[in-house]
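**Student:** structure for this input, please:
(one chain, ligands or ions: 1)
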Amino acid sequence: MSPWTPLHAHIHTTLRSRQLVGRNDRLLIAVSGGQDSLCLLQLLRDLQPKWNWDLAIAHCDHRWRPDSAENAVHVGRLAARMDLPFYLETARSPVETEAAARSWRYRVLERIACKDGFGAIATGHTASDRAETLLFNLLRGTGADGLQALTWKRPLSPEIVLVRPLLAVTRSQTAEFCDRFALPIWQDATNHDLKYTRNRIRHELLPYLASHFNPQVERHCAQTAELLRAEVEYLEAVAAQWLQCCLPQYTEKVKSPSVKTALNREKLRDCPLALQRRVMRQWWEQWAERSPNFERIEAAIALIDAPNGTCSDPFPGGAIARVSGEWIEIHHPPT
Ligand SMILES: Nc1ncnc2c1ncn2[C@@H]1O[C@H](COP(=O)(O)OP(=O)(O)OP(=O)(O)O)[C@@H](O)[C@H]1O
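**Tutor:** Numbering: from 1, shown residues only. Model (predicted):
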């Protein structure tokens with residue numbers, strides 16, 4: 001066990017005040033071998049006697065680097081040294097993109113947690129990741145939702161929650177911690193590859209902003225994300241209530257079999273624009289089972305005041321939106 005540090009105290013308090021995990025929980029720690037997840041692993045290992053957790057380590061080998069198998073062995077050895085159960089999952093074929101890797105990883109972690117009864121999965125995301133995500137999404141164009149991106153706690157299923165205890169800790173703090181306790185970091189060469197936008201944000205943009213504008217830029221961006229998180233949560237909840245009001249009630253059955261669903265535009269007109277966009281997005285996610293992009297939302301919003309009979313261009317899959325009196329209807333593609 002490492003000596004107690006201010007970072008131990010900070011994480012201990014964070015876990016408690018944010019109710020990220022409970023006493024006696026079974027906790028699966030996602031460890032890449034990088035500095036952040038090693039720091040998280042050591043901290044949780046040190047706090048374990050206070051919380052009486054059952055800890056285990058999971059590593060996912062995406063097979064996209066020549067040294068990925070060695071990386072996995074490295075994490076496995078670490079688990080053995082700490083006397084913790086170790087789960088390793090190796091991708092059948094190399095995972096192509098960062099996004100595909102992430103979604104495969106979460107599926108794997110959830111499967112392991114579900115199979116062996118882990119109620120929480122912990123990842124080593126930091127305030128620096130939060131700041132980078134905010135800038136990354138800002139540069140691509142986004143609303144508040146994209147800027148607040150990473151959250152402290154997110155349910156993956158009714159039984160499993162994803163937690164990020166290091167979300168207020170910067171990468172320089174995790175580096176310092178690893179250095180102090182000589183933790184064996186696995187150096188991922190792709191973290192320095194500047195062909196990835198995220199790496200350029202980490203290694204070029206943030207240092208530039210820190211030296212030319214504000215040395216605290218990383219922390220401040222992370223705080224902005226934290227503020228926006230609460231606002232987005234609130235707006236999403238209010239939008240969900242509006243959506244319920246605007247959906248057909250049981251007395252207003254959708255009449256034609258070609259109509260998949262409908263939204264009451266008269267009611268939606270009373271709602272502020274910021275909420276109209278959210279209501280529209282939530283509605284869309286319900287019937288299309290995917291998120292619409294900005295242009296589609298704007299086109300759908302325009303239907304609120306469009307003349308009766310106005311139709312949208314067909315959406316992917318062939319469905320169209322059509323104005324019918326007080327309703328915006330989604331029509332199935334013609335068969
Ligand atoms: N291959 C992996 N296996 C298990 N967990 C992973 C893996 N890659 C990432 N994670 C988890 O997701 C978190 C964030 O991932 P990200 O890719 O931003 O981190 P990283 O740079 O690979 O490593 P680290 O955050 O540990 O320094 C990690 O801290 C870790 O908890």
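**Student:** okay, CA-based contacts and neighbour counts for the rest of this
**Tutor:** Fine.
**Student:** in the stretch 201-335 of the chain, which residue sits closest to the ligand?
**Tutor:** Arg202 (10.9 Å; CA to the nearest ligand atom).
**Student:** dump the residue contacts of that residue.
**Tutor:** Arg202 makes contacts with Glu132, as judged by CA atoms under 8 Å, 6 or more residues apart in numbering.
**Student:** again with Thr5
**Tutor:** Taking CA under 8 Å, 6+ apart as the definition, Thr5 has no contacts.
**Student:** whichever strand or helix holds Lys50 and the ligand, are they touching?
**Tutor:** Using DSSP states H and E, Lys50 sits in helix 35-51. Yes. For helix 35-51, a contact with the ligand is found by CA under 6 Å from any ligand atom, at 35-37.
**Student:** what packs against that helix?
**Tutor:** Judged by 3 or more CA pairs under 8 Å, 6 or more residues apart in numbering; DSSP states H and E, helix 35-51 is in contact with helix 6-17, helix 171-180.
**Student:** in terms of secondary structure, what does the first one contact?
**Tutor:** Helix 6-17 is packed against helix 35-51, with contacts defined by 3+ CA pairs under 8 Å, 6+ apart.
**Student:** what mean pLDDT does the helix it packs on get?
**Tutor:** The average pLDDT within helix 35-51 is 98.
**Student:** again with stretch 167-174
**Tutor:** 96.
**Student:** ok, now which ones touch the most centrally placed residue in the chain?
**Tutor:** In the chain, the centroid-proximal residue (CA atoms, centre = their mean) is Leu150; its distance is 4.9 Å. For Leu150, the contact set (CA under 8 Å, 6+ apart) comprises 130, 133.
**Student:** switch to 10 Å and redo it
**Tutor:** 125-127, 129-131, 133-134, 164, 167, 222, 225-226, 229 (CA atoms under 10 Å, 6 or more residues apart in numbering).
**Student:** from those, pick the one nearest Leu109.
**Tutor:** Ranked by distance to Leu109 (CA to CA), the contacts of Leu150 are led by Arg164 at 14.2 Å.
**Student:** count of neighbours near Gln310?
**Tutor:** Gln isn't right for residue 310; it's Thr. Neighbour count for Thr310, taken as other CA atoms under 10 Å: 13.
**Student:** thinking again about what came up before, take the residues of helix 35-51 next to the ligand and write them to a markdown table, including neighbour count.
**Tutor:** A markdown table is the format used below for the residues of helix 35-51 next to the ligand (neighbours: other CA atoms under 10 Å):
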| residue | neighbour count |
| --- | --- |
| Gln35 | 26 |
| Asp36 | 25 |
| Ser37 | 22 |
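**Student:** buried sites along the longest helix seen in the chain?
**Tutor:** Using DSSP state H, we find that the single longest helix of the chain is helix 217-246. For helix 217-246, the neighbour count (16 or more other CA atoms under 10 Å) marks 217-219, 221-226, 228-229, 232, 235-236, 239-240, 242-243, 246 as buried.
**Student:** near the ligand, from those?
**Tutor:** Contacts with the ligand within those, counted by CA under 6 Å from any ligand atom: none were found.
**Student:** hey, where'd the helices end up in the stretch 101-250 of the chain?
**Tutor:** 127-140, 144-148, 171-180, 197-200, 206-212, 217-246 (DSSP state H, counting those that start in this stretch).
**Student:** let's have the ones you listed in JSON lines, adding distance to Gly309.
**Tutor:** Compiled in JSON lines, the helices of the stretch 101-250 of the chain are given as follows (distance: least, CA to CA, whole Å):
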{"stretch": "helix 127-140", "distance to Gly309": "35"}
{"stretch": "helix 144-148", "distance to Gly309": "33"}
{"stretch": "helix 171-180", "distance to Gly309": "55"}
{"stretch": "helix 197-200", "distance to Gly309": "44"}
{"stretch": "helix 206-212", "distance to Gly309": "50"}
{"stretch": "helix 217-246", "distance to Gly309": "19"}
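**Student:** out of the ones you listed, which gets the lowest mean score?
**Tutor:** helix 144-148 (a mean of 86).
**Student:** which residues are contacting that helix?
**Tutor:** By CA under 10 Å, 6+ apart, the list of residues contacting helix 144-148 from outside reads 130-138, 140-141, 221-233, 236.
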